[in-house]
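In: Attaching a predicted model along with its sequence, questions to come.
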Amino acid sequence: MMKRVTWLISGLNRRMMKLLIAFALIAYIACKSIQENGEIKIEEKIDEVSLTRKSLSTLLKQFSLKGLRISITGGAGFVGSHLTDKLMMDGHEVTVVDNFFTGRKRNVEHWIGHENFELINHDVVEPLYIEVDQIYHLASPASPPNYMYNPIKTLKTNTIGTLNMLGLAKRVGARLLLASTSEVYGDPEVHPQNEEYWGHVNPIGPRACYDEGKRVAETMCYAYMKQEGVEVRVARIFNTFGSRMHMNDGRVVSNFILQALQGEPLTVYGTGSQTRAFQYVSDLVNGLVLLMNSNISSPVNLGNPEEHTILEFARLIKSLVVSQSQIQFLPEAQDDPQRRRPDIRKAKMMLGWEPVVPLEEGLNKTIQYFSRELEHQANNQYIPKPKAARMKKGRPRHN
Ligand SMILES: O=C(O)[C@H]1O[C@H](OP(=O)(O)OP(=O)(O)OC[C@H]2O[C@@H](n3ccc(=O)[nH]c3=O)[C@H](O)[C@@H]2O)[C@H](O)[C@@H](O)[C@@H]1O
């Protein structure tokens, strides 16, 4: 008998099991009502728990955080791929959506072939039709040289792309977490920056495509929340570093490490007195998952409050790499925020989250990663040889 029951259960797929659990819960609530009121009020109770697709999925999310269907836009990028790793390890079904503008297949290739993993080559500027419970919306170039390279595309990704993902969340009753940024505070006049601060952004400057794109993406989230009841979470992410940053990323951490490893001058823009606070990627990923599964719909800062000047930072990397590189001062970048440090009291209090990886430990891991990448590059230099033009009747053929 027991064998038959086990066989039956193993035959049911996980989604079926979740539905059964939900129905059992509803039946339990209804029975409780009978007990309490001494009369049958099942229909009323079913009305009360409103047996719609949405309430059912909310119910499931509350009772089971395992085996959700999760989509990550930008999931093949630096942060997205680490988030993919965590969610896959936690036993979810993960669909990575990426157009590979800054993301790389290599970042997630170790999951290809796993039954819970899917990789879709898709640009979020086009609508997407899939079934999901949660959407982590990370798609966007994040490094200044990348987002300034094609500002119109950056704007489209953050506006049309976010609208498309909110539309998807609305259609399927999914919860959406927006990867917003400390850049919504612009060049801040308040220090450290807390979530109440409205920011100081130049709307027509070179960074505006990203800063304003993310600001309007936040506005869109709250419009969908108020008008359509979409569940949204907004993470304001501060400077983050770690393995899988692109070699040509152009952000300060990867630039300084690569320069130090190759004995080239470390390029400091301006005087180097501008400040940043850097968090290691695993801390961020833990914060994102906690926020997604919390009930906080207002924006939350995720960052490491340990603040350094960029010049201090250059010296630290030089010493960790044990590099002979010089420090070279280059012209200041336009609209470069002068001071940045997150106030993370809200994340601490409401999520119980704070960064745990010390700066030097994170930097050492990242230095090791980039050393391996340089080695990999040196061993895999593929220089395609020019093909001889095909000859037809004694003449070269150009096609
Ligand atoms: O790393 C991040 O997470 C953030 O990176 C950028 O913001 P930014 O702080 O300007 O990042 P970097 O390009 O790494 O620059 C940090 C500071 O270092 C300086 N820098 C950068 C590169 C370099 O080679 N030398 C150098 O001195 C910049 O001028 C800036 O003052 C993005 O705009 C943010 O969205 C993103 O969240």
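Out: Yes, it's here.
In: From now on I want contacts and neighbour counts done on CA atoms only, so please keep to that.
Out: Noted.
In: where's the residue nearest in space to the middle of the chain relative to Leu155, distance?
Out: Geometric centre of the chain, nearest residue: Leu138, 4.0 Å, by C-alpha atoms, centre = their mean. Look at Leu138 and Leu155: by C-alpha to C-alpha, to the nearest Å, they are 14 Å apart.
In: got the residue ranges for the strands in the stretch 201-350 of the chain?
Out: 232-237, 240-241, 266-269, 275-277, 279-280, 300-302, 307-309, 327-330 (DSSP state E, counting those that start in this stretch).
In: I'd like those laid out as a markdown table, including distance to Val321.
Out: Shown next, in a markdown table, are those (distance: least, C-alpha to C-alpha, whole Å):
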| stretch | distance to Val321 |
| --- | --- |
| strand 232-237 | 27 |
| strand 240-241 | 16 |
| strand 266-269 | 12 |
| strand 275-277 | 20 |
| strand 279-280 | 18 |
| strand 300-302 | 28 |
| strand 307-309 | 18 |
| strand 327-330 | 14 |
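In: winner for burial among the ones you listed?
Out: Most buried of the strands of the stretch 201-350 of the chain by mean neighbour count (mean count of other C-alpha atoms under 10 Å) is strand 300-302; its value is a mean of 28.
In: quick one: is it near the ligand?
Out: No: judged by C-alpha under 6 Å from any ligand atom, strand 300-302 makes no contact with the ligand; its nearest approach is 10.3 Å.
In: what about that strand, distance to the chain center?
Out: Remark: strand 300-302 is offset 13 Å from the chain centroid, using C-alpha atoms, centre = their mean, to the nearest Å.
In: Who are the packing partners of that strand?
Out: strand 232-237, helix 345-351 (3 or more C-alpha pairs under 8 Å, 6 or more residues apart in numbering; DSSP states H and E).
In: Can you check which of those gets nearest to the ligand?
Out: Closest to the ligand of the helices and strands packed on strand 300-302, according to C-alpha to the nearest ligand atom: strand 232-237, at 5.7 Å.
In: Who does that closest one pair with, and is each partner parallel or antiparallel?
Out: strand 175-181 (parallel), strand 300-302 (parallel) (DSSP bridges).
In: Mind listing residues that contact it?
Out: If you take C-alpha atoms under 8 Å, 6 or more residues apart in numbering as the criterion, strand 232-237 is touched by 175-182, 218, 221-222, 225, 284, 288, 291-292, 296-303.
In: mind exporting that strand as PDB, just the C-alpha atoms?
Out: Only the C-alpha atoms of strand 232-237 are listed here, as PDB (Å, rounded to 0.1, in the frame of the first residue of the first chain):
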ATOM      1  CA  VAL A 232       6.800  45.200  -6.900                       C
ATOM      2  CA  ARG A 233      10.100  45.300  -5.100                       C
ATOM      3  CA  VAL A 234      12.700  48.000  -5.800                       C
ATOM      4  CA  ALA A 235      16.400  47.500  -4.900                       C
ATOM      5  CA  ARG A 236      18.600  50.500  -5.100                       C
ATOM      6  CA  ILE A 237      22.000  48.900  -5.800                       C
END
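In: quick revisit: need the strands paired with strand 232-237 in JSON lines (columns: distance to His246 and mean pLDDT).
Out: Below are the strands paired with strand 232-237 laid out as JSON lines (distance: least, C-alpha to C-alpha, whole Å; pLDDT from 0 to 100):
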{"stretch": "strand 175-181", "distance to His246": "19", "mean pLDDT": "98"}
{"stretch": "strand 300-302", "distance to His246": "22", "mean pLDDT": "98"}
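In: For the nearest residue to Gly67 once chain neighbours are set aside, give me its contacts.
Out: With C-alpha to C-alpha, 6 or more residues apart in numbering as the criterion, Gly67 has its nearest non-adjacent residue at 4.2 Å, and that residue is His92. Contacts here follow C-alpha under 8 Å, 6+ apart; on that basis His92 touches Lys66, Gly67, Leu68, Arg69, Ile70, Asn116.
In: my read: Leu87 touches Val94, true?
Out: Yes: proximity of Leu87 to Val94 meets the contact threshold set by C-alpha atoms under 8 Å, at 7.1 Å.
In: Between those two, tell me which one has more neighbours.
Out: When neighbours are counted by other C-alpha atoms under 10 Å, Leu87 and Val94 differ, and Val94 comes out ahead with 27 against 20.
In: For that one, list each beta-bridge partner.
Out: Bridge pairing for Val94 - DSSP bridges - gives Ile70, Phe117.
In: Please enumerate the strands of the stretch 51-200 of the chain.
Out: Under the criterion DSSP E, counting those that start in this stretch, the stretch 51-200 of the chain contains strands at 69-73, 93-98, 117-121, 134-137, 175-181.
In: in the third one, what's buried?
Out: Spelled out, it's strand 117-121. For strand 117-121, the neighbour count (16 or more other C-alpha atoms under 10 Å) marks Phe117, Leu119 as buried.
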